[in-house]
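Student: I'd like to go over a predicted model; first the sequence, then the structure.
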Amino acid sequence: MTPQNAPETVVSRCLVIGSGIAGLQFALLAAQGGPVRVVTKKESRESSTNYAQGGIAAAVSPLDDFASHVRDTLEAGDGLCREDVVRRMVEAGPRLIDRLLGYGVAFSREADGGLALGREGGHTRRRVLHCRDLTGREIEERLLAACTAHANITVDEDHMGLELVRGAEVGLDGAAAARIVGARVLDRRTRQVVLHLADAVVLATGGCGKVYLYTSNPDIATGDGLAMAFRAGAELRNLEFVQFHPTCLFHAEAKSFLISEAVRGEGAVLINHRGVRFMARHHPQADLAPRDAVARAIDQEMKASGENCVYLDLRHLDRAMVEARFPNLVAACRRFGLDMAGEPVPVVPAAHYMCGGVAVDLEARTTLPGLFAIGETACTGIHGANRLASNSLLEAVYFAESAAAAVAAEPRLFGARLPVVTAPGAEATAGRAATLPVVVEHDWDELRRVMWDYVGIVRDRERLEIALGRVRAIRRTVETVRRRALPTPELAELANIALLGELIVICALSRPESRGLHYTLDHPGRQPVAVDTVIRRGVPLAGEACWEAPGADVG
Ligand code: FAD
Ligand code: SIN
């Protein structure tokens with residue numbers, strides 16, 4: 001029974017925030033131990049997972065081995081990966097793929113029935129399992145179907161996590177007072193805040209591509225889990241390592257449309273506006289170099305020529321092969337008036353993946369008891385300074401499994417008894433000022449443009465400092481409005497991308513070297529020792545300069 005004047009309260013063994021591959025795989029495993037509640041802010045399938053194209057990397061071929069998958073991952077990560085963690089994930093790969101097959105994921109197969117394997121940048125072998133060019137959609141659908149059929153799993157669509165809740169806020173004492181025991185969740189349809197309580201809370205909210213004006217990410221990628229964790233005091237790491245995917249379609253009407261790296265894996269090449277191949281001048285692996293190197297090379301070509309894009313050239317490839325392997329991409333290009341197999345396709349880099357995130361250990365535990373993070377939201381040590389293509393989906397299922405095992409051992413805080421709820425909910429904010437929708441929209445655009453213009457592929461101190469001033473000013477304004485206003489999804493997302501923008505800039509300013517995805521003209525070389533950038537609310541950052549304690553005024 002809900003105490004009077006308290007928000008509606010829902011209790012479960014585990015609360016999962018997010019329904020991409022990480023959240024759903026976790027839910028399926030954790031549901032063996034009790035009720036799991038998945039809240040997701042839009043339709044359940046709406047996630048980056050749903051748009052993944054290239055596939056999921058695993059050393060399953062007799063022509064491949066774990067050592068070379070580990071080596072390729074470390075090479076791409078530019079000295080910042082945690083080798084022990086990478087090895088564990090890589091060695092688990094074939095087993096994790098078997099589990100996906102068990103859910104019915106229909107990976108593409110060769111004529112002899114064997115699994116078809118693609119190649120992408122940075123991989124020295126063919127090891128990318130895929131479902132033609134719609135890998136993510138197939139995985140998302142199968143996992144969702146399995147969750148829907150599971151008696152212990154409930155998925156609440158249109159429920160958006162706003163803030164994490166500590167035990168003390170709901171009347172728990174002792175060690176439980178300091179634990180994260182739930183979240184305030186906005187029901188987008190009723191606009192009411194629901195209090196979700198659980199023995200373990202799992203952030204699986206994906207990335208934050210929407211911090212940038214141009215991104216491959218869907219609209220849900222506003223870094224909500226990262227922001228919630230930071231505001232609650234968790235440690236975040238390596239936020240400067242934003243991965244820009246080299247090849248998003250450059251077309252006035254194309255929003256966030258990726259042309260998979262798997263296309264280059266099948267032989268496509270990059271050419272400039274004069275029709276000349278350029279990647280061999282930039283990297284020994286040429287068109288199949290790791291992503292940081294390809295994005296930087298494209299950036300350099302575009303700056304040198306003054307052109308707005310470069311081109312992917314497939315004209316030398318067999319048209320039937322291209323149409324059979326990439327039917328979705330061919331059809332999408334056709335909708336934009338382009339013949340993918342028959343003419344150069346204009347492409348540009350766009351923000352794609354957050355390699356940093358909420359710091360977690362091998363069991364996906366964050367630095368806050370009771371709180372776990374998995375998938376793109378987490379920083380596990382797998383990706384280092386630059387993620388190897390198609391390792392994200394693998395990392396998500398690997399850490400979903402680790403987290404599910406760890407959560408089984410968590411104490412039971414909530415039995416039949418509900419705590420005394422004192423946490424403010426919808427009522428506490430009802431009647432306050434309405435939001436300022438126009439301002440929100442303008443701030444949203446300005447912030448994303450500043451991040452794009454000043455915190456992109458190539459950085460320098462002067463630009464970063466300009467960005468910090470502008471982003472911080474927006475973040476402070478939005479925080480002030482948010483404290484006075486009724487919670488809305490738009491305002492919450494704007495507050496989150498503004499906070500993430502500021503944290504990305506602070507982390508970038510604090511790394512006095514160029515490594516992986518962080519390239520700064522002030523320090524073109526690498527420091528001899530690789531260190532993580534660690535950031536926590538109210539704690540000054542060590543680095544080239546000691547930055548103001550971030551977020552002291554974040555409420
Ligand atoms: P997501 O799949 O993004 O899921 C996040 C979930 O959290 C969503 O359900 C979202 O609605 C929900 N959510 C977010 N905020 C809240 C909130 N406040 N409250 C409630 N719910 C919330 N990686 C690969 O390894 N291989 C690929 O081929 C590949 N291709 C890609 C192609 C594209 C176009 C993109 C964008 C990414 C690609 N990636 C690929 C990266 C990979 O898809 C993602 O990193 C991965 O899917 C992330 O999974 P996730 O479960 O962590 O998050
Ligand atoms: C792609 O298909 O190019 C994306 C792969 C990835 O991000 O891992």
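Tutor: Nice, thanks for sending it over. Ligands and ions are numbered 1, 2, ... in the order given.

Student: need the helices for the stretch 151-300 of the chain, in chain order.
Tutor: Taking DSSP state H, counting those that start in this stretch as the test, the helices found in the stretch 151-300 of the chain are 175-178, 224-231, 262-265, 291-305.

Student: I'd like the distance between residue 527 and ligand 1.
Tutor: Residue 527 sits 28 Å away from ligand 1, taking C-beta to the nearest ligand atom, to the nearest Å as the criterion. From N, CA and C alone the C-beta is placed, and that goes for glycine too.

Student: typo on my end, residue 63
Tutor: Residue 63 is 21 Å from ligand 1, by C-beta to the nearest ligand atom.

Student: what sits against that residue?
Tutor: 125-126 (C-beta atoms under 8 Å, 6 or more residues apart in numbering).

Student: What of residue 449?
Tutor: Per C-beta under 8 Å, 6+ apart, neighbours of residue 449: residue 213.

Student: Can you name the residue of the stretch 451-555 of the chain nearest ligand 1?
Tutor: The stretch 451-555 of the chain approaches ligand 1 most closely through residue 492 (7.2 Å), counting by C-beta to the nearest ligand atom.

Student: just the stretch 351-500 of the chain next, same as before
Tutor: For the stretch 351-500 of the chain, C-beta to the nearest ligand atom, closest residue to ligand 1: residue 375, 2.2 Å.

Student: where's that residue relative to residue 312, distance?
Tutor: Look at residue 375 and residue 312: by C-beta to C-beta, to the nearest Å, they are 28 Å apart.

Student: Equivalent analysis for residue 19, please.
Tutor: 32 Å.

Student: swap in residue 231?
Tutor: According to C-beta to C-beta, residue 231 stands 41 Å off from residue 312.

Student: follow-up on the earlier one: can you say which of the helices of the stretch 151-300 of the chain is nearest to residue 364?
Tutor: helix 224-231 (12.5 Å; C-beta to C-beta).

Student: about what we covered before: and the residue of the stretch 451-555 of the chain closest to ligand 1, what does it touch?
Tutor: Contact partners of residue 492, counting by C-beta under 8 Å, 6+ apart, are 160, 162, 186, 224, 482.

Student: quick one, what contacts the third one?
Tutor: Contacts for residue 186 (C-beta under 8 Å, 6+ apart) come out as 159-160, 162, 192-194, 487-489, 492.

Student: Setting aside sequence-adjacent positions, which residue approaches it most closely?
Tutor: residue 160 (4.6 Å; C-beta to C-beta, 6 or more residues apart in numbering).

Student: before we move on, the earlier item: nearest to residue 25, out of the helices of the stretch 151-300 of the chain?
Tutor: Among these, helix 224-231 sits nearest to residue 25 (C-beta to C-beta), with 16.1 Å.

Student: coming back round to it: what residues of the host helix or strand of the residue of the stretch 451-555 of the chain closest to ligand 1 count as buried?
Tutor: Taking DSSP states H and E as the definition, residue 492 sits inside helix 489-509. Buried residues in helix 489-509, counted by 16 or more other C-beta atoms under 10 Å: 489, 491-509.

Student: tally of neighbours for residue 532?
Tutor: 18 (other C-beta atoms under 10 Å).

Student: And for it, nearest residue in space, chain neighbours not counted?
Tutor: residue 237 (5.0 Å).

Student: can you check residue 42 too?
Tutor: Nearest to residue 42 is residue 220, by C-beta to C-beta, 6+ apart, at 6.0 Å.

Student: and if you look at residue 74?
Tutor: residue 81 (5.1 Å).

Student: Contacts only, for the one you found.
Tutor: With C-beta under 8 Å, 6+ apart, residue 81 has these contacts: 73-74, 381-384.

Student: Likewise for residue 237?
Tutor: Here residue 237 is in contact with 356-359, 379, 532-535 (C-beta under 8 Å, 6+ apart).

Student: Take the residues you listed and keep only those in helices.
Tutor: Nothing among the contacts of residue 237 maps onto helices, per DSSP state H.

Student: With distance to ligand 1 and pLDDT added, can I get these in JSON lines?
Tutor: Putting the contacts of residue 237 into JSON lines (distance: C-beta to the nearest ligand atom, whole Å; pLDDT from 0 to 100) gives the following:
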{"residue": "356", "distance to ligand 1": "13", "pLDDT": "98"}
{"residue": "357", "distance to ligand 1": "9", "pLDDT": "98"}
{"residue": "358", "distance to ligand 1": "11", "pLDDT": "98"}
{"residue": "359", "distance to ligand 1": "16", "pLDDT": "98"}
{"residue": "379", "distance to ligand 1": "12", "pLDDT": "98"}
{"residue": "532", "distance to ligand 1": "20", "pLDDT": "96"}
{"residue": "533", "distance to ligand 1": "20", "pLDDT": "96"}
{"residue": "534", "distance to ligand 1": "21", "pLDDT": "95"}
{"residue": "535", "distance to ligand 1": "20", "pLDDT": "95"}
